[in-house]
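S.K.: Show me the folded form of this:
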Amino acid sequence: MSQFAWLLILSITSLAPESFAPLFIVERTTNANVVHYDAKIDEYGEITSKEPIVAYWTIGSADGKRQNLSFLERKLAWGFNVRKKLDGRYSFSLVSQKQIEINVYRKDGIVRAEASISGRRAYLRKIFVNIEGPILVPKVNYFDLFGTDVQTGEERYERIIPAK
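M.R.: Okay, the predicted model is just below:
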């Protein structure tokens, strides 16, 4: 076998089977830990149909140590259920913020998370949650959405106050 064939086989087998495309983050008032939402990308650059979205913490602002969400965090706060839509996009909302539908798709080689911010379609960049009270029964005062308008490229912002 030629040296070229060996190099070709070696390069094919060393390809990462999947990677991740950052979608958006969630920050809170309680500490510097941040929840990250990423799309899982296969070796062809497409969003994987098996577990298309992943969420995890980065702990502390300095070193960014990564940690999985706990069972309670997935069930009560930062978890989600993903649905594949007929147009090939994925749709989900956070269990604690069901009123925000987030669509994830790949367009022109870029993976996007899109949501409605102030009545306009926007690429979601960050959700900030203002929380007070005990950890087990926190009170959400409001959450802010930050993104970029899909059509105009302008920054978008919206504050949502949960219904009492």
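S.K.: By mean pLDDT, which helix or strand of this protein comes out lowest?
M.R.: Every helix and strand in the chain was compared by mean pLDDT, DSSP states H and E; the lowest is helix 3-13, with a mean of 40.
S.K.: Give the next helix or strand downstream of that helix.
M.R.: Along the chain past helix 3-13, the next helix or strand (assigned with DSSP states H and E) turns out to be strand 18-28.
S.K.: Can you say which helix or strand has the residue nearest to the spatial centre of the chain in it?
M.R.: Centroid-nearest residue in the chain, with C-alpha atoms, centre = their mean: Tyr37, separated by 2.4 Å. Assigned by DSSP H and E, Tyr37 belongs to strand 34-42.
S.K.: Check which helices and strands that strand is in contact with.
M.R.: Here strand 34-42 touches strand 18-28, strand 53-59, strand 110-117, going by 3 or more C-beta pairs under 8 Å, 6 or more residues apart in numbering; DSSP states H and E. The C-beta positions use only the backbone N, C-alpha and C, and glycine is treated the same way.
S.K.: so what strands line up beside the top strand by length along the chain?
M.R.: Counting residues, the longest strand found in the chain (DSSP state E) is strand 120-132. The strands that strand 120-132 pairs with in its sheet are strand 18-28 (parallel), strand 110-117 (antiparallel), strand 139-149 (antiparallel) (by DSSP bridges).
S.K.: Adding mean pLDDT, write those out as TSV.
M.R.: As requested, these are exported to TSV (pLDDT from 0 to 100):
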stretch	mean pLDDT
strand 18-28	93
strand 110-117	97
strand 139-149	95
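S.K.: now the ones you listed as JSON lines including mean neighbour count and distance to Gly79?
M.R.: Listed next are these as JSON lines, based on neighbours: other C-beta atoms under 10 Å; distance: least, C-beta to C-beta, whole Å:
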{"stretch": "strand 18-28", "mean neighbour count": "17", "distance to Gly79": "12"}
{"stretch": "strand 110-117", "mean neighbour count": "19", "distance to Gly79": "16"}
{"stretch": "strand 139-149", "mean neighbour count": "17", "distance to Gly79": "16"}
